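Engineer: test case, fold it:
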Amino acid sequence: MSQILDFLQFFFSPVLHHFSLLGDIGSYIQLSQSL
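Structural biologist: Prediction:
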């Protein structure tokens, strides 16, 4: 069971990192548009 959780953690951590990166880019674009 713990092996599955380790795998999910390993698989989803780059995905979550990618989405947080996209969120940062999105808020940056909104900031530059409002200026």
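Engineer: could you report the pLDDT at Phe11?
Structural biologist: For Phe11, the model assigns a pLDDT of 88.
Engineer: sorry, that was for Ser34
Structural biologist: Per-residue confidence for Ser34 comes out at a pLDDT of 87.
Engineer: what number of residues lie near it?
Structural biologist: Residue crowding around Ser34 was assessed by other CB atoms under 10 Å; the count is 6. Backbone N, C-alpha and C define where each C-beta goes, glycine included.
Engineer: Ser27 versus that one, what's the distance?
Structural biologist: Here the distance between Ser34 and Ser27 works out to 11 Å (CB to CB, to the nearest Å).
Engineer: one more: Phe19?
Structural biologist: Counting by CB to CB, the separation of Phe19 from Ser27 is 13 Å.
Engineer: now do Ile4
Structural biologist: When distance is defined by CB to CB, Ile4 is 34 Å away from Ser27.
Engineer: please, where are all the helices along this protein?
Structural biologist: Assigned by DSSP state H, the chain shows helices spanning 2-34.
Engineer: where in this structure is pLDDT low?
Structural biologist: Low-confidence segments of the chain (pLDDT under 70): none present.
Engineer: quick one: Ser27 from Gln9, how far?
Structural biologist: Counting by CB to CB, the gap from Ser27 to Gln9 is 26 Å.
Engineer: what of Ser2?
Structural biologist: Distance of Ser2 to Gln9, computed by CB to CB: 10 Å.
Engineer: what sits against Leu31?
Structural biologist: Leu31 sits next to no residue when contact means CB atoms under 8 Å, 6 or more residues apart in numbering.
Engineer: do you know how far it is from Phe11?
Structural biologist: Leu31 is 32 Å from Phe11, by CB to CB.
Engineer: cool, His17 as well?
Structural biologist: In this structure, His17 and Phe11 are 12 Å apart, going by CB to CB.
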